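Student: Got a predicted structure here, sequence first:
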Amino acid sequence: MKSILFFVFIISPFGLLAQAKLFIPETVHYFDTLRVGDRCEHYFYIRNTGNEPLLIQSVNTSCGCDVADWPKEPIEPKSYAYIHYKYDSKRIGIINRSMTIKSNDPENPIIVVKVKGFVSPVSD
């Protein structure tokens, strides 16, 4: 019985404190106005503010017109990395996309980042 109480009151709280924590300061990126065919990419800064390695499990974009590349290796505590986002600017009109980031952060396992802007036709 004493060993169970020792685990509940001593070991358990320390286990709860050890965790990865994903920090993304920019949750909305604005490309403003682009022209058709302009280079349209951005690097989203991510940081592990926790005290255990952070693993980005997946990054899904909301459309086939955008892609993301993310670090596959764990991000150590207090370290940072980038998610590279690209949008195909061949489509004229409003850019209103999202990127869903799944990680091993127990408090926020899913974070959605927005990407906005406008693609205008090429003028002669």
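Tutor: Looks like it arrived, so ask away. Numbers count the residues shown, from 1 in each chain.

Student: use CA for all of it now, contacts and neighbours both
Tutor: Fine.

Student: Which parts of this structure are helices?
Tutor: For the chain, the helices defined by DSSP state H cover 2-6, 12-17.

Student: Lowest mean pLDDT across the ones you listed, which one is that?
Tutor: Among these, helix 2-6 carries the lowest mean pLDDT, at a mean of 51.

Student: what sits against residue 109?
Tutor: By Cα atoms under 8 Å, 6 or more residues apart in numbering, the residues touching residue 109 are 101, 102, 103.

Student: If we use 10 Å, what do you get?
Tutor: Contact analysis of residue 109 by Cα atoms under 10 Å, 6 or more residues apart in numbering lists 20, 21, 22, 56, 57, 101, 102, 103.

Student: per-residue pLDDT, it?
Tutor: Predicted confidence (pLDDT) at residue 109: the value is 97.

Student: Repeat that for the one 4 residues further on.
Tutor: The per-residue pLDDT reported for residue 113 equals 97.

Student: And the residue positioned nearest the centre of the chain, how far from residue 92?
Tutor: Geometric centre of the chain, nearest residue: residue 101, 4.5 Å, by Cα atoms, centre = their mean. Computed as Cα to Cα, to the nearest Å, the residue 101 to residue 92 distance reads 26 Å.

Student: try residue 119
Tutor: 5 Å.

Student: got it, and residue 29?
Tutor: Taken as Cα to Cα, the span from residue 29 to residue 92 is 18 Å.

Student: Okay, strands next: where are they in the chain?
Tutor: For the chain, applying DSSP state E gives strands covering 22-23, 28-35, 41-48, 56-61, 66-69, 80-87, 93-103, 110-120.

Student: Looking at those strands, which one is packed in the most?
Tutor: Mean neighbour count, computed with mean count of other Cα atoms under 10 Å, is highest for strand 22-23 among those, reaching a mean of 22.
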